[in-house]
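J.: predicted model, plus sequence, below.
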Amino acid sequence: MTIEKYENNRERFINDLMNLMVPIEGGTVELRDYINTNKWLSSNYTLSNPGRESDRKVITWTETIEPFYVMKYPVTHQLYHFVMHHEEEVEPNTNSLPITEVSWVDSLIFCNELSRIHGRTECYLITGESQNTIYNQKANGFRLLSDAEWQYACKAGTKGYRYESIDKIAWHQENANGSVQQVGKLLPNPWGLYDMIGNVWEWCWDLYDAKRYGDYRVFRGGSWAEVENNCGSTSRRKSMPDFKIDDLGFRIALTKP
């Protein structure tokens, strides 16, 4: 999207953005994680201590996914700054880079602001405590994907850890030259979604495990800073909702068009 052409044309902006929203049919997805007597462990979460192999147990569960829409790219610098009414100019060479250094809370604020621009009902009532933030599931506004929706959309009907060989679909530590890359430069998944794996981790709505980790929220997919083994459809990590870092962004969804 070239933002300059929308300065005085709200309707055109709305139409073009909606053209980037990909319809996803409903279905089911199986998720998994590991647990031991001390803590939950994210799949492929190499920074935690897994303990002895005999102490680990694989937990799997199935979730039903209702039809929804998801943006084919992560939110870019240009889109983020336009929606948030930031006055500073975005450098041309960063326009198509995924926005990073944004917290989970920042991503919800963006979704609400984008909903207002579109004349849609805001999905989130944001409070000082992440766990008390309310998601109105009946709202028709923009939102984050759930953890289950993210994995379902990423896999796009495929069965493996990745839907194609990694260098064809993902920016990771070995091919990204030490920085985030422009969206849409590698192959999409079978449902037409780009950069689901690698480039930037993507915030999801879900709490990770409130009993053990309090406010920690889920993010998915791996990034340009990760080794290739940490970039895949089941790769999951977690952090506080105000956490920001240079390889973490987000993608937006709609329940209804």
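T.: Thanks, I have it.
J.: helices along this structure, start to end?
T.: For the chain, the helices defined by DSSP state H occupy 10-18, 77-83, 104-118, 147-155, 166-169, 210-213.
J.: give me the mean pLDDT for the fourth one.
T.: Averaging the model's pLDDT scores along helix 147-155 yields 98.
J.: what number of residues lie near the nearest residue to Gln131 once chain neighbours are set aside?
T.: Distances taken as CB to CB, 6 or more residues apart in numbering put Asp215 closest to Gln131, at 5.7 Å, once the chain neighbours are dropped. C-beta coordinates here come from the backbone N, C-alpha and C atoms, glycine included. Neighbourhood size, Asp215 [other CB atoms under 10 Å]: 18.
J.: what of Asp167?
T.: 14.
J.: how close does it get to Lys185?
T.: From Asp167 across to Lys185, the span is 12 Å (CB to CB, to the nearest Å).
J.: I'd like the helices of the chain laid out as CSV, including distance to Thr94.
T.: Shown next, in CSV, are the helices of the chain (distance: least, CB to CB, whole Å):
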stretch, distance to Thr94
helix 10-18, 19
helix 77-83, 5
helix 104-118, 17
helix 147-155, 25
helix 166-169, 22
helix 210-213, 33
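J.: out of those helices, deepest packed?
T.: Of all the helices of the chain, helix 147-155 has the most neighbours on average by mean count of other CB atoms under 10 Å, namely a mean of 23.
J.: who are the packing partners of that helix?
T.: Where contact means 3 or more CB pairs under 8 Å, 6 or more residues apart in numbering; DSSP states H and E, helix 147-155 is packed against strand 21-24, strand 27-35, strand 57-65, strand 68-71, strand 201-207, strand 217-220.
J.: give the contact list for Gly27.
T.: Thr64, Ile65, Tyr152 (CB atoms under 8 Å, 6 or more residues apart in numbering).
J.: ok, now with 7 Å
T.: Gly27 makes contacts with Ile65, Tyr152, as judged by CB atoms under 7 Å, 6 or more residues apart in numbering.
J.: give the bridge partners for it, please.
T.: Beta-bridge pairing of Gly27 under DSSP bridges involves Ile65.
J.: any idea how far it is from Phe110?
T.: When Gly27 is compared with Phe110 (using CB to CB), they lie 28 Å apart.
J.: do Glu25 as well
T.: 26 Å.
J.: again, but for Leu186
T.: In terms of CB to CB, Leu186 sits 24 Å off from Phe110.
J.: hang on, Ala153 packs against Val70?
T.: Yes - the pair Ala153 / Val70 is scored as a contact, 5.4 Å apart, by CB atoms under 7 Å.
J.: give me the common contacts of these two.
T.: Taking CB under 7 Å, 6+ apart as the criterion, Ala153 and Val70 both touch Ile24, Leu145, Leu193.
J.: include neighbour count and distance to His118 when you put those into JSON lines, please.
T.: Formatted as JSON lines, those follow (neighbours: other CB atoms under 10 Å; distance: CB to CB, whole Å):
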{"residue": "Ile24", "neighbour count": "21", "distance to His118": "19"}
{"residue": "Leu145", "neighbour count": "26", "distance to His118": "18"}
{"residue": "Leu193", "neighbour count": "21", "distance to His118": "21"}
